[in-house]
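In: only geometry, no sequence info:
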Ligand code: IPE
Ligand code: IPE
Ligand code: MG
């Protein structure tokens, strides 16, 4: 039982937690293993964390799995990540009735292979009936790309006459993002020791509490999530007020 589990009765977990799953490469390097081995261990950490979030009653878990900038990596590493993703989704499709996880994908899936893209769409469609925890996979995701795509779509609707520019406010703009209809994350966690956003949820994390941790993602476990949630509860969230 982690620290947080003991306090569960008094401190509810955040409704929405987002995680930048970083540090797989360094984890592998430390062990003299190929980077793809780090990603495989990272996939295990994701399974653990998603299960624990479900146990805690976290409603939304958004994870950064592959950024619009990650295409700069070697073909071998990219393929390794895509294979792990496919394995995970095939497994999730098998276990769907048992786990009751709802899947959504944030990002431009058009650059994925057609079969992987189809698998994502199938997982989304088949899991939409479940509501225990919603996992949002950010895949070929970039915060700037998301905002540009939303702006373009709104502009197209104005050009087509179905929207007027004066209608646009923060609330409506949010509906054009991948996360439309989902509350903003209260807590964003970045393991691996890096202290930057790396183009993650730029719009949605405007008032999120960031917790940076030194643990590498493949080593991340329930105790780390407890610690991050405990840290979150210590923060004084003022939202610009006093
Ligand atoms: C995060 O781990 C996974 C992806 C970006 C796909 P990294 O692969 O970035 O690991 P480090 O930062 O090199 O250790
Ligand atoms: C952010 O990590 C992207 C994911 C975890 C998927 P990166 O490792 O790509 O980010 P930088 O390069 O450290 O900013
Ligand atoms: Mg990294």
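Out: That came in fine, so what should we check first? Keep in mind that this is a model prediction, so the values were computed, not measured. Ligands and ions are numbered 1, 2, ... in the order given.
In: Please report the distance of residue 144 from residue 217.
Out: Using C-beta to C-beta, to the nearest Å, we find residue 144 at a distance of 23 Å from residue 217. Just so you know, the C-beta spots here come from the backbone N, C-alpha and C atoms, and that holds for glycine as well.
In: what do you get for residue 31?
Out: Taking C-beta to C-beta as the measure, residue 31 and residue 217 are separated by 14 Å.
In: who's more crowded, those two?
Out: Higher neighbour count among residue 31 and residue 217: residue 217, with 29 against 12, using other C-beta atoms under 10 Å.
In: Pull out the buried residues from stretch 78-90.
Out: The neighbour-count check on stretch 78-90 (16 or more other C-beta atoms under 10 Å) flags 80, 81, 84, 85, 86, 88, 89 as buried.
In: what does stretch 169-183 give?
Out: For stretch 169-183, burial by neighbour count (16+ other C-beta under 10 Å) applies to 174, 176, 177, 178, 179, 182.
In: Quick one: end-to-end distance for that stretch.
Out: The first residue of stretch 169-183 is 16 Å away from its last residue (C-alpha to C-alpha, to the nearest Å).
In: what does stretch 155-166 give?
Out: Using C-alpha to C-alpha, the two ends of stretch 155-166 sit 12 Å apart.
In: Now do that stretch: distance to the chain's middle.
Out: On the basis of C-alpha atoms, centre = their mean, to the nearest Å, stretch 155-166 sits 31 Å off its chain's mean C-alpha point.
In: May I see the buried residues of that stretch?
Out: Neighbour counts over stretch 155-166 (16+ other C-beta under 10 Å) mark residue 163 as buried.
In: same deal with stretch 118-137?
Out: 119, 120, 123, 127, 133, 134, 135, 136, 137.
In: of all the residues you listed, which two lie farthest apart?
Out: 119 and 133 (19.8 Å; C-beta to C-beta).
In: what does this protein have sitting close to ligand 2?
Out: The interface of the chain toward ligand 2, taken as C-beta under 6 Å from any ligand atom, is made up of 20, 21, 22, 64, 65, 66, 67, 69, 70, 194, 196, 198.
In: will you turn those residues into CSV that also has pLDDT and neighbour count?
Out: Shown next, in CSV, are the residues of the chain next to ligand 2 (pLDDT from 0 to 100; neighbours: other C-beta atoms under 10 Å):
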residue, pLDDT, neighbour count
20, 99, 26
21, 98, 23
22, 98, 22
64, 98, 26
65, 98, 25
66, 98, 21
67, 98, 20
69, 98, 12
70, 98, 17
194, 98, 14
196, 98, 11
198, 98, 14
